[in-house]
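**Q** Fold the following, please.
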Amino acid sequence: MERALTREEGLVGRPWFKILMFAADYDNGYATIALPTVQEALKVGDSDRVIREARDLTARVTEAELEIIAAIGAMG
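**A** Sure, this is the predicted structure:
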C-alpha cells in the first residue's frame, strides 16, 4: 500500500521526499504538511499543477485502497 502512495522521482525540487501523504514544508523544514504536492501547487498558484497533482494523488489513493481490499481478502 505504501508504494502506491510514493513517487519514485520525489517531490518537485526535493527528490529525496518520496511519500506523497506528508513531507517537511518547503519553506519551513520543521513543519510537516499533508498532501505536499497539492499544497505546494496551491501555494504557488499553479492551477494546472494543482489539478494534475490532485488527479495523480486520487489515482494513487485508489490504488492503495485496492491493495488494502486485496490484503483483507487474503486474510480469509
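**Q** quick one: contacts for Asp25?
**A** Ala31, Thr32, Ile33, Pro36 (C-beta atoms under 8 Å, 6 or more residues apart in numbering). C-beta coordinates here come from the backbone N, C-alpha and C atoms, glycine included.
**Q** any idea how far the lengthiest helix in the chain is from the chain center?
**A** The helix spanning the most residues in the chain, taking DSSP state H as the definition, is helix 47-74. From the chain centre to the centre of helix 47-74 is a distance of 9 Å (C-alpha atoms, centre = their mean, to the nearest Å).
**Q** on contacts alone, who are the packing partners of it?
**A** helix 36-44 (3 or more C-beta pairs under 8 Å, 6 or more residues apart in numbering; DSSP states H and E).
**Q** Against which helices or strands is the helix it packs on packed?
**A** Short answer (3+ C-beta pairs under 8 Å, 6+ apart): helix 36-44 packs on helix 47-74.
**Q** if you set the cut-off to 10 Å instead, what comes out?
**A** Packing contacts for helix 36-44, counted by 3 or more C-beta pairs under 10 Å, 6 or more residues apart in numbering; DSSP states H and E, involve strand 22-24, strand 32-34, helix 47-74.
**Q** contacting residues around the residue lying closest to Glu8 once chain neighbours are set aside?
**A** Once its chain neighbours are removed from consideration, Glu8 has its nearest residue in Lys18; the separation is 7.0 Å (C-beta to C-beta, 6 or more residues apart in numbering). The neighbours of Lys18, taking C-beta atoms under 10 Å, 6 or more residues apart in numbering as the test, are Glu2, Arg3, Leu5, Thr6, Arg7, Glu8, Glu9, Gly10, Leu11.
**Q** Let me see the contact set for the closest residue to Thr37 other than its chain neighbours.
**A** Across the structure, with C-beta to C-beta, 6+ apart as the measure, the residue nearest Thr37 apart from its sequence neighbours is Glu53 (4.2 Å). With contact set as C-beta under 10 Å, 6+ apart, Glu53 has these partners: Leu11, Val12, Leu20, Leu35, Pro36, Thr37, Val38, Gln39, Glu40, Ala41, Leu42, Asp46.
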